[in-house]
Each structure stands twice: as structure tokens, then as C-alpha cells.
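# Sequence and predicted structure, then a few things I'm wondering about:
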Amino acid sequence: MSASTTSTASRDARFAPKAPSLPLLGRALGYRRGNVGALEKIRDDHGDLVWIHIFGGLRVLAFLSADGLEVGLRNKDGAYSNRLGWERFLDHVFPGAILAMDGDQHRYHRRILQEAFTRANLDGYVAQMNPVIGRRIESLRTRRSADIHPFVKSLTLDIATRVFMGAEPGADADRLNRAFVDAVEASIALVRVPVWPLPYYKGLRGQAFLAERFRQLLGDKRAQETPDLFSKLCHVRSEDGEAFTDEEVVHHMVFVMMAAHDTSTSTLSTAIYHLAKHPEWQERLRKRSLALPDELSLDELEQLEEHTWVMNESLRLHPPLPFMPRVTVADTEFAGYRIPAGVLTGCAPVVHRDPRLWTRPHAFDPARFSNERAEHKSHPYAFAPFGGGRHLCVGKRFGQLEIRSTLHQMLKKVRWSVPDGYEMPFQFMPIGKPTDGLPVRITAL
Ligand code: HEM
């Protein structure tokens, strides 16, 4: 079957450029460790549609332009499957993950899930997360230095425990954290056999721990509606009255907590890094924050315009999810190439550093997101840290609120800096993070 009625493509995608094979492994590894420059170089040398290898051997047809992202993520002709793209990574580690669903099944789950993220529900989540953030930030004031990545990871886990699970942060935090870390690592494990001490085995064990934890709490959550996400998932109905079964609630909880945790941690870490490198921006944002109360409502958080530019600029330069896999399920075409069914493709937000779309793409320049400049609107897929199309991040607004609230409260309580000349070492795969923990100096205000 062909997804396009009339084919204008003249070349077979098998003959699309290939990134050269010997340095390829080095490049793939470089990409994993954080060298997004490796992908930029591949794009500059070979064009917007290139065969690359990732994770030490997987052959992927990479879409490296905004048009490519639009084709793969928007999936207008239905030729790209999320299920086949993601299931090789998520399979038993995240069973029932909405990201690995297609068509009617995805529509059904998405309709119910998004009811948990209505404005009214988000309002309630903000009210719950604010004091949790305040307590953690307060603990920074007695310190003279901190490793920001582990600090933020504990903070976002506290938020998830309170807002998603409706439980008291602290108890069991290490165990929960370990389970999530193991599950995420297992998702990119090369050897997928459940044998100790392989990462895949540990990931499955982590998944089982998390699922069991949620099963134990299910009865209480079903019995009474409370303002946390877990309870919402037990009680939400789509407009047509559809609801989740117990096992569906458990699977969505595990996946949503994973999807929310490392991505928000990554964005907060990189925003804190950029504000340390650019004290003039830190002061500019602080001035605005100091004029406001510590705990802001959803509306007030959304009005923090310059905080939003900094958040977006951090997401542009360091997108937490650097690879979005899809598999073609029909013959299709792109950029003059015929792509047959069964090809693993990957959408990479390397487009965030594309000089055709952004001025001085490597510079930290938050005002590019201002209404006057609006560089992110140069193409509908120029800026896609939350993906796009039907699988656009369902927690996008939640994540943005969490990031704005944390930055706002941190700016009010402490000033932070990094030594002159410090450059954050960054690993992009599987989810971006500073590999040195991002040490910063702290001064209480
Ligand atoms: C800055 C933070 C975040 C970033 C950068 C981010 C990024 C993304 C991206 C790129 C996708 C699409 C992947 C693809 O199409 O292959 C996605 C999907 C998803 N995200 Fe997020 N995310 C963030 C925060 C969150 C939060 C806070 C939640 C939950 C509260 C969440 C839940 C989800 C879910 C459930 C999906 C799958 C949606 C679907 O398949 O319909 N994310 N996210």
C-alpha cells in the first residue's frame, strides 16, 4: 500500500546518504555522550535525510530538518507508527505505554488521559507543588555549593510523589528513584535478556516494583477522589464516558511518572546552568520574581514571560528527548526519496540548532522567543522539545509550570554561579543530563 496517491519521488531511500561507517561508531557514541555537534556535522556533510547508527548498531533513517520532523511527527498520511518505533525500547519495561500506541487505541487512551490535565486539574497540581518546591529550595539556603542535577532530581521526585501519587515526599524516595533510573536505562539496553546483573534485568525489576506500589494504593484511590494525578486517573472519564481499568491506571502511572521525571529534571538543570553562565539574565529574572509572592497561581506562572524565554532557550539548546523513533507502515516519500514500509526512522531536534531557522544557533539568546523576534515560529516544527502531532507531550503544560515555579522560587531565595570558563559536560542519550552533576556555588539572599 502506498500512503501517497501520486509519487513524485525519484530515488529509493536505501540510497539516501549514509554517515560514514568507521567514524560512525565514534559519532554514535559521541551523540550518546552529548555531542549533538556530531549530528549537526552529519547534517552539514550529508543533508537532511541520512542513515545513521545509534545505540551501537541500530540503523536509522534520520530526519534532520524541520520538514522532516513535520512529516514524521505530524504523520499526516498515517505512514509512521509510534508502536513499532517505541516498542523496541519500551516493551516489557513500560508495558501499556501510551507513547507506543497507534490509531484508535492511542485516541481512546489519550482522550481519557488528557482529562487529567485540564486547566482545573492543573490549577490543583500547582497549588500542591508550590510548597514542596519551597521546602527543597529553602534547604539550599544553608549551603555554599550544590550539585544541581541530583538536587533537582530529588526535587522533581518530591513533586511527583506529592502531586502524582498523593503521598508524603521522603519515604521510599531512594527506592523509587532507583526503580525509575533502572527502567530508563533498560529502555536503551542493547542486550534485552532478563539476566542479573544486566541493565535489562534491573529495569524489569524496577518496573515490577513501581507497578506493585501503585497496585497496593489502587483501592484507596478508587474509593475517594483526591487532587493527585493517581486519583484523577482512577476517576476521569472521556467525553463519551470511557474510563481506565485498574491495570491501565497502573501502566499509565508508571509511564507518566517516568515521562515527567527525567525530562523536567533535565530542563531545570540546563536552565540553571544557562542562568549561572549568564548572570545578567539571572538578575533580570530575579528582579521580576522578587516583586511577586513565593507561591504563584497557574495564571501568574504563565505570565512570567522572560522566565518562559529562558526555559524555551534551554529546551532549544538541550532538548531532553533527543530522538523520537517511528517505523514506516506504508510506502511513503520525503525529500525526493521513496521510503518503503518497515524502515526505522528517527526525528531529532538537531533542528533546534539549524542556521536556516535560528540566528546564531549556538548562542544562548532567550529574547529570540520574544513576540518581536519569534524565531521559534519560523517553521511549525522549528521548535519541538515536546514533540508534535497526536503524540505531543500530554504533560507539556504541567512540565512548564513545574519549571517556572522552581526557577521563580529559586531566584527569590539564592544566587548561584559557576567558575569562569566552566562548560557543562552533557550526555544527550537516553535523556539529557550533565555528566558532572553540575556543581554550582550558592549564596543565600
Ligand atoms: C520539560 C519536560 C518535558 C519534555 C521535554 C517532554 C517531552 C516529550 C516528548 C518529546 C514527547 C513525544 C515523544 C514522541 O513523540 O516520540 C512526550 C510525550 C509524552 N510526555 Fe512529555 N515531556 C516533558 C514533561 C512531561 C510531563 C511533566 C509529563 C506528565 C505529567 C509528560 C508525559 C508525557 C506523556 C504521557 C507522553 C506520551 C503522549 C502520547 O503518546 O500521546 N511529559 N514528552
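Yep, that arrived. Being a predicted model, the structure only gives us computed values, none of them experimental. Residues are numbered from 1 along each chain as shown.

# Contact partners for the residue nearest to residue 260 when sequence neighbours are not counted?
In space, and not counting its chain neighbours, residue 260 is closest to residue 395: 5.4 Å by C-beta to C-beta, 6 or more residues apart in numbering. Glycine gets a C-beta too; all of them are placed from N, C-alpha and C. Residues in contact with residue 395 (C-beta atoms under 8 Å, 6 or more residues apart in numbering) are 117, 256, 259-260.

# So what's the residue count around the residue in the stretch 101-250 of the chain positioned nearest to the ligand?
In the stretch 101-250 of the chain, the residue that lies nearest the ligand is residue 110 (5.0 Å; C-beta to the nearest ligand atom). Counted with other C-beta atoms under 10 Å, residues neighbouring residue 110 total 17.

# do the same with the one 10 residues further on
Residue 120 is surrounded by 7 other residues when neighbours are defined as other C-beta under 10 Å.

# ok, now the one 5 residues further on?
The criterion is other C-beta under 10 Å. On that basis, residue 125 has 24 neighbouring residues.

# Moving C-terminal from the helix or strand containing it, which element do we reach first?
Assigned by DSSP states H and E, residue 125 belongs to helix 119-140. Next along the chain after helix 119-140, taking DSSP H and E as the criterion, comes strand 145-147.

# Pairing partners for that following strand, with directions?
Strand 145-147 pairs in its sheet with strand 439-444 (antiparallel), by DSSP bridges.

# In this protein, what residue comes closest to the ligand?
residue 395 (2.0 Å).

# Is any residue of the helix holding residue 125 near the ligand?
No - in terms of C-beta under 6 Å from any ligand atom, no part of helix 119-140 sits within range of the ligand; the closest distance is 8.6 Å.

# related to what we said a few turns ago, now do the residue nearest to residue 260 against residue 192, distance only.
According to C-beta to C-beta, to the nearest Å, residue 395 and residue 192 sit 27 Å apart.

# Up against the ligand, what does this protein have?
Counting by C-beta under 6 Å from any ligand atom, the residues of the chain that sit close to the ligand are 98-99, 110, 256, 259-260, 263-264, 267, 320-321, 324, 385-387, 391, 393-395, 398-399.

# mind listing the helices for the stretch 251-400 of the chain?
Ranges of helices in the stretch 251-400 of the chain, per DSSP state H, counting those that start in this stretch, are 279-290, 298-302, 305-317, 396-413.

# Generate TSV for those helices, with mean pLDDT as supplementary columns.
Below are the helices of the stretch 251-400 of the chain laid out as TSV (pLDDT from 0 to 100):
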stretch	mean pLDDT
helix 279-290	98
helix 298-302	97
helix 305-317	98
helix 396-413	98
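
# what residue is smack in the middle of the chain?
Among the residues of the chain, the one closest to the centroid is residue 263, at 3.9 Å (C-alpha atoms, centre = their mean).

# quick one: it and residue 398 touch, right?
No - contact between residue 263 and residue 398 fails when scored by C-beta atoms under 8 Å: they sit 10.7 Å apart.

# Any stretches of the stretch 101-250 of the chain with poor pLDDT?
The stretch 101-250 of the chain contains residues with pLDDT under 70 at 171, 190.

# let's see 80
169-174, 177, 180, 184-185, 187-191 (pLDDT under 80).

# Helix or strand: which one has residue 231?
Secondary structure (DSSP H and E) places residue 231 in helix 229-235.

# since we're on residue 185, how many residues are nearby?
The burial count for residue 185: 16, using other C-beta under 10 Å.

# Quick check: it is in a strand.
No - using DSSP: H, G, I helix; E, B strand; the rest coil, the assignment for residue 185 is helix, not a strand.

# Let me know the distance separating it from residue 214.
From residue 185 to residue 214 the distance is 21 Å (C-beta to C-beta).

# ok, back up a step: is it possible to mark the buried ones in the contacts of residue 395?
Listed as buried from the contacts of residue 395 are 117, 256, 259-260; burial here means 16 or more other C-beta atoms under 10 Å.

# who touches stretch 192-201?
The contact list for stretch 192-201, computed with C-beta under 8 Å, 6+ apart, reads 91, 93, 182, 185-186, 189, 191, 202, 204.

# What would it look like as PDB? C-alpha coordinates only.
Extracted C-alpha coordinates of stretch 192-201, given in PDB (Å, rounded to 0.1, in the frame of the first residue of the first chain):
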ATOM      1  CA  ARG A 192      17.500  -7.500  26.100                       C
ATOM      2  CA  VAL A 193      17.600 -10.600  28.200                       C
ATOM      3  CA  PRO A 194      16.400 -10.600  31.800                       C
ATOM      4  CA  VAL A 195      19.600 -12.000  33.400                       C
ATOM      5  CA  TRP A 196      21.200 -10.500  36.500                       C
ATOM      6  CA  PRO A 197      23.200  -8.200  36.600                       C
ATOM      7  CA  LEU A 198      22.300  -6.900  33.100                       C
ATOM      8  CA  PRO A 199      20.600  -3.400  32.900                       C
ATOM      9  CA  TYR A 200      17.600  -5.000  31.300                       C
ATOM     10  CA  TYR A 201      17.000  -7.300  34.300                       C
END
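
# buried residues in that stretch?
192, 198-201.

# Kindly report the same for stretch 94-106.
94-102, 106.

# Specify the beta-bridge partners of residue 51.
Going by DSSP bridges, residue 51 forms beta bridges with residue 18, residue 61.

# And for it, the neighbour number?
Applying other C-beta under 10 Å, I find that residue 51 has 20 neighbouring residues.

# wait, isn't it in contact with residue 59?
Yes - between residue 51 and residue 59 there is a contact at 6.3 Å, judged by C-beta under 8 Å.

# and the closest residue to residue 301 other than its chain neighbours, how far is that from residue 411?
Setting aside the residues directly before and after it, residue 301 is nearest to residue 404 in space (C-beta to C-beta, 6+ apart), at 4.6 Å. As judged by C-beta to C-beta, residue 404 and residue 411 stand 11 Å apart.
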